[in-house]
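**Student:** turn this into a structure:
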Amino acid sequence: MDNPSPPYPPEAYFDQLSGTVLLRVLVNTEGGVAEVQIKQSSGHSILDESALTTVRDWTFRPARDEGVAVAQWVEIPISFELR
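**Tutor:** You can find the predicted model right below:
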């Protein structure tokens, strides 16, 4: 899937904040996001919120069990690194 990267919040960039947030995402049988949780924070709520907001709109290929689409939890790390 061609999902957009979360934007680097300008305030976080200005304050030189970086980190990786680990999200738990429940992908439904249609490939949409049913639920998103923070499994591990980046240490900065502004980065965590950017990741959460963006991933909520992502689409996935749903998992399959014997050819039938099933809902499944996946873990997704999102890194914010200054360049």
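
**Student:** buried residues, stretch 75-83. List them.
**Tutor:** 76, 78, 80 (16 or more other CB atoms under 10 Å). Glycine gets a C-beta too; all of them are placed from N, C-alpha and C.

**Student:** before we move on, what about stretch 18-29?
**Tutor:** For stretch 18-29, the neighbour count (16+ other CB under 10 Å) marks 18, 19, 21, 22, 23, 25, 27 as buried.

**Student:** about what we covered before: which one of the buried residues of stretch 75-83 is nearest residue 62?
**Tutor:** Distances from residue 62 to the buried residues of stretch 75-83, taken as CB to CB, are shortest for residue 76 (15.1 Å).

**Student:** which stretches of this protein have low pLDDT?
**Tutor:** 1 (pLDDT under 70).

**Student:** residue closest to the middle of it?
**Tutor:** Nearest residue to the geometric centre of the chain (CA atoms, centre = their mean): residue 55, 4.0 Å.

**Student:** now do the contacts for that one.
**Tutor:** 3, 6, 23, 25, 33, 36, 76, 78 (CB atoms under 8 Å, 6 or more residues apart in numbering).
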